[in-house]
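A.B. asks: predicted model and sequence below, questions to follow.
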Amino acid sequence: AQSVTQLGSHVSVSEGALVLLRCNYSSSVPPYLFWYVQYPNQGLQLLLKYTSAATLVKGINGFEAEFKKSETSFHLTKPSAHMSDAAEYFCAVSDDQGGKLIFGQGTELSVKP
Amino acid sequence: NAGVTQTPKFQVLKTGQSMTLQCAQDMNHNSMYWYRQDPGMGLRLIYYSASEGTTDKGEVPNGYNVSRLNKREFSLRLESAAPSQTSVYFCASSEVKFWGALDGYTFGSGTRLTVV
């Protein structure tokens, strides 16, 4: 069965610093991978997705993620954090049949002024 | 605006009461899902519907039932609410190709349920 692990339930960075949120998945077949963001008291919004095209995926709000098959990783990065990036971020992987998403536990990002 | 609409946004129930959470999407998606979100546990799938007329259990189906009323609507019912069902519930929809390609979910804004 597929699973996804997000390393670090809380990450704190200073405004302008690099954001790195880690995600590792288990998969016996090439998966579809997603990052979602959730702002307080809101639903989840798609940031970006990997669907076996380019390994470096660019998303909204300056975020990007790199698919590394050898490391089974799909880490999310942003070169310079902004206060508005403070939110919870979820990594998700499609199941073997492709129709359902399995979510990680989430990483709460705090941005300090 | 196109998207997924959930009602109600907030609900307080007493133990043993029943209620139905409503979800509707207007994107003509074939698949719909119900998740619950609890602190530190991410989102866990309760039930899903791959197409109109079909429903399947997810990871945590106990205590819940669902109905895929038509292509647009997918409801979640709690027959006898328990405090352990206090959670935030999200409905989502997606278009899933027959070969399994998934575009990603569109989420509703959630229902915050408290069972006392």
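C.D. replies: Perfect, thanks for sending it. Numbering: from 1, shown residues only, chains lettered A, B, ... in the order given.
A.B. asks: residues of chain B that sit close to chain A?
C.D. replies: B:4, B:31, B:33, B:35, B:40-45, B:48, B:50, B:58, B:90, B:92, B:94, B:96-97, B:99-110 (Cβ under 8 Å from any Cβ of the partner chain). Every C-beta, even on glycine, is put in place using the N, C-alpha and C of the backbone.
A.B. asks: which of those are buried?
C.D. replies: Buried members of the residues of chain B next to chain A, counted by 16 or more other Cβ atoms under 10 Å in any protein chain shown: B:4, B:31, B:33, B:35, B:42-45, B:48, B:50, B:58, B:90, B:92, B:94, B:96, B:102, B:104-110.
A.B. asks: show me the contacts for B:Asn28.
C.D. replies: Each residue near B:Asn28 by Cβ atoms under 8 Å, 6 or more residues apart in numbering or on different chains is listed here: B:Lys71, B:Glu95.
A.B. asks: and the spatially most central residue of chain B, bridged to which residues?
C.D. replies: Nearest to the mean C-alpha position of chain B, counting by Cα atoms, centre = their mean, stands B:Trp34 at 2.3 Å. With DSSP bridges as the criterion, B:Trp34 is bridged to B:Tyr47, B:Cys91.
A.B. asks: equivalent analysis for A:Glu66, please.
C.D. replies: Taking DSSP bridges as the rule, A:Glu66 bridges to A:Leu56, A:His75.
A.B. asks: list the contacts of it.
C.D. replies: Counting by Cβ under 8 Å, 6+ apart, A:Glu66 has contacts A:Thr55, A:Leu56, A:Val57, A:Ser73, A:Phe74, A:His75, A:Thr77.
A.B. asks: burial count for the fifth one?
C.D. replies: What it means is A:Phe74. Residues lying near A:Phe74 (other Cβ atoms under 10 Å in any protein chain shown) number 28.
A.B. asks: and the pLDDT at A:Ser28?
C.D. replies: pLDDT, A:Ser28: 66.
A.B. asks: chain B contacts on chain A?
C.D. replies: Residues of chain A found near chain B (Cβ under 8 Å from any Cβ) are A:9, A:32, A:34, A:36, A:41-46, A:49, A:51, A:90, A:94, A:97-106.
A.B. asks: mind listing what's buried in stretch B:68-81?
C.D. replies: Buried residues in stretch B:68-81, defined by neighbour count with 16+ other Cβ under 10 Å: B:Arg68, B:Lys71, B:Arg72, B:Glu73, B:Phe74, B:Ser75, B:Leu76, B:Leu78, B:Ala81.
A.B. asks: what's the answer for stretch B:52-71, then?
C.D. replies: Here stretch B:52-71 shows B:Thr55, B:Gly58, B:Val60, B:Pro61, B:Tyr64, B:Val66, B:Arg68, B:Lys71 as buried, counting by 16+ other Cβ under 10 Å.
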